[in-house]
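[1] just a sequence and a predicted model for now, questions to come.
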Amino acid sequence: QVQLVESGGGLVQAGGSLRLACAASGRTFSNYAMGWFRQAPGKERDFVATINQSGGATYYADSVEGRFTITRDNAKNTVWLQMNNLNPEDTAVYYCAAGRVGIFPRYEYDYWGQGTRVTVSS
């Protein structure tokens, strides 16, 4: 089992920044690719970004490319999502996920956090 706990969400004005963190515990963190997803009110959960096990490869949804950055520190068992130039369309609950099966950038995510809410005001 892998336990994931997100933090860092909140209310921010359009154009602002937030940094989300996801702390992992349980099994060996470095064995897992990590992803960030988001679910806006009334919508399905969407992929945001992924990072491979070593941290050497990242991939983003078109909607966040150039504004968001995913990083990880395997020594700290943590993955982050730096979000810049936020706009109201980024408002959602953000989830981190861990998976071992798959080929970059497509993984099967087995473990999910509880989510952290991000609200961007106009």
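    Yep, that arrived.
[2] need the contact partners of the least confident helix or strand in the chain by mean pLDDT.
    Lowest on mean pLDDT, DSSP states H and E among the helices and strands of the chain sits strand 101-103, with a mean of 89. By CB atoms under 8 Å, 6 or more residues apart in numbering, the list of residues contacting strand 101-103 from outside reads 33, 107, 108, 110. (C-beta placed from N, C-alpha, C; glycine too.)
[3] give me the spatial nearest neighbour of the residue nearest the centre of the chain, chain neighbours excluded.
    Nearest to the geometric centre of the chain sits residue 36, at 2.4 Å (CA atoms, centre = their mean). Nearest residue to residue 36, sequence neighbours excluded (CB to CB, 6 or more residues apart in numbering): residue 48, at 4.3 Å.
[4] with residue 87 instead?
    Per CB to CB, 6+ apart, closest to residue 87 is residue 14, 5.4 Å.
[5] for residue 84, same thing?
    Using CB to CB, 6+ apart, the nearest residue to residue 84 is residue 17, at 4.7 Å.
[6] got the contact list for the one you found?
    Contacts of residue 17 by CB under 8 Å, 6+ apart are 82, 83, 84, 85, 86.
[7] what is the nearest of the residues you listed to residue 28?
    Residue 28 lies nearest to residue 82 out of the contacts of residue 17, by CB to CB, at 24.6 Å.
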